[in-house]
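**Q** Quick one, fold the following:
(one chain, ligands or ions: 2)
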Amino acid sequence: MYIQEISIDIKTNLSKNELFEAFELLMSYYRGNGQTQGKIESLYIENNKIVTLPFTLKKNALDKKHNNQYVHKQIAKIEQLGGSKIKFKTVGKTNVDYKQPCTCKKPDFYILITNYVTIDSPLTCGTCNDTVPLYKLPEYYDYGYMPILSWETNYQSCDRLNMNCEVGERWALNQMENIQSQLSKQGRKICKRIEVLTGVPTFYYLHNYRRYKGDNKKRPCPSCNKKWNLKTPLHDFYDFKCDACRIVSTISTMA
Ligand SMILES: [Zn+2]
Ligand SMILES: [Zn+2]
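**A** Ligands and ions are numbered 1, 2, ... in the order given. This is a model prediction of the structure:
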């Protein structure tokens, strides 16, 4: 992943806190438009300068051409408040080997999947198995992708409860494993909409742990009850795929 630096020199008498808040809002807009990842960037004041260091999947993710109207307007507002132009530069990578996310022209399918630690996009390409920057999709809702990010943080909250084990673990696991849970319903609705917008079949990843039940490859699709196991695992990970129901899953490691 890339680390970008966005900064502005404050050349007016405006309170630094006011500009800081305006910058925070800009970062929310970038996030809502899928241009930055994870909303975990540092944001700080250094003398007469405000600096933030967001993560992006592509080097050019902050190019103007990807901005939506909220980002555009907020940049204009900050530049007016601060009396100077916002500066952008790429300051590094999280990993020397990091190349770039999915570049497939027409993926065969997408998968909606995340977990409690990742800051990748919640959408992966079924063809190359790499992450898909959300701003590459057609506009999802209100010039951005907030409903997808809402599912993402819901899922990550459940996964965190699941991993921490002490509070709500079973409830959270059920949200992640049960095709009828509110979380699965929210996710599958998003998959349907992405498919309509892009014309690319979009699958929902159903988590599978089954600590108390065991598991086997012959069990049918939990939605249509038909056979859904794959002869060879997809991307060395997915063991189940139902093309009719648009869900993928794995055999339990506890099987
Ligand atoms: Zn791809
Ligand atoms: Zn099915």
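**Q** CA atoms of the longest strand belonging to the chain as CSV?
**A** Longest strand in the chain by number of residues (criterion: DSSP state E): strand 37-46. Taking Å, rounded to 0.1, in the frame of the first residue of the first chain, the C-alpha atoms of strand 37-46 are listed here in CSV:
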residue,chain,number,x,y,z
GLN,A,37,-8.0,3.0,3.2
GLY,A,38,-9.0,2.3,6.7
LYS,A,39,-9.5,5.8,8.1
ILE,A,40,-6.5,5.3,10.3
GLU,A,41,-4.2,8.0,9.0
SER,A,42,-2.1,10.3,11.2
LEU,A,43,-3.3,13.9,11.2
TYR,A,44,-1.3,16.5,13.0
ILE,A,45,-0.3,20.2,13.2
GLU,A,46,3.3,21.1,12.8
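**Q** What are the contacting residues of stretch 216-231?
**A** 179, 206, 238, 239, 240, 241, 242, 244, 245, 247, 251, 255 (C-beta atoms under 8 Å, 6 or more residues apart in numbering). The way it works is simple: take the backbone N, C-alpha and C, and place the C-beta from them, glycine included.
**Q** just to revisit the earlier point, ok, the longest strand of the chain: who's next to it in the sheet?
**A** strand 49-56 (antiparallel) (DSSP bridges).
**Q** Now, the contacts of stretch 216-231 that are in strands?
**A** Those of the contacts of stretch 216-231 lying in strands (DSSP E): 206, 238, 239, 240, 241, 242, 247.
**Q** Where do the domain boundaries of this protein fall?
**A** Domain assignment for the chain by automatic domain parsing gives 2-93, 110-249.
**Q** Which of the ones you listed sits closest to ligand 1?
**A** Ligand 1 lies closest, by C-beta to the ion, to one member of the domains of the chain: domain 110-249, at 3.0 Å.
**Q** circling back: give me the subset of the ones in strands among the contacts of stretch 216-231 touching ligand 2.
**A** Among these, the residues lying close to ligand 2 (C-beta under 5 Å from the ion) are residue 242.
**Q** Provide a PyMOL selection command restricted to the buried entries of the ones in strands among the contacts of stretch 216-231.
**A** The PyMOL selection below is limited to those of these classed as buried (16 or more other C-beta atoms under 10 Å):
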select buried, resi 206+238+239+240+241+242+247
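**Q** of the ones in strands among the contacts of stretch 216-231, closest to residue 111?
**A** residue 238 (8.0 Å; C-beta to C-beta).
**Q** any chance of the domains of the chain in a markdown table, with mean pLDDT too?
**A** Formatted as a markdown table, the domains of the chain follow (pLDDT from 0 to 100):
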| stretch | mean pLDDT |
| --- | --- |
| domain 2-93 | 97 |
| domain 110-249 | 96 |
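**Q** want to throw those domains into CSV with distance to ligand 1?
**A** Listed next are the domains of the chain as CSV, based on distance: least, C-beta to the ion, whole Å:
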stretch, distance to ligand 1
domain 2-93, 12
domain 110-249, 3
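**Q** Can I get those in TSV including distance to residue 99?
**A** Listed next are those as TSV, based on distance: least, C-beta to C-beta, whole Å:
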stretch	distance to residue 99
domain 2-93	10
domain 110-249	9
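**Q** rewinding a little: for the longest strand of the chain, which outside residues touch it?
**A** So strand 37-46 is contacted by 1, 16, 20, 23-24, 27-28, 31, 50-57, 119-121 (C-beta under 8 Å, 6+ apart).
**Q** what residue lies at the spatial centre of the chain?
**A** For the chain, the residue nearest the mean C-alpha position is residue 121 (3.0 Å; C-alpha atoms, centre = their mean).
**Q** what's the spacing between it and residue 239?
**A** 23 Å (C-beta to C-beta, to the nearest Å).
**Q** neighbours of residue 132, just the number please.
**A** Residue 132 is flanked by 27 other residues according to other C-beta atoms under 10 Å.
**Q** For it, what are phi and psi?
**A** phi -120, psi 110 (degrees, to the nearest 10).
**Q** which residue packs closest to it, ignoring adjacent ones?
**A** Spatial nearest neighbour of residue 132, chain neighbours left out: residue 123 (4.4 Å); criterion: C-beta to C-beta, 6 or more residues apart in numbering.
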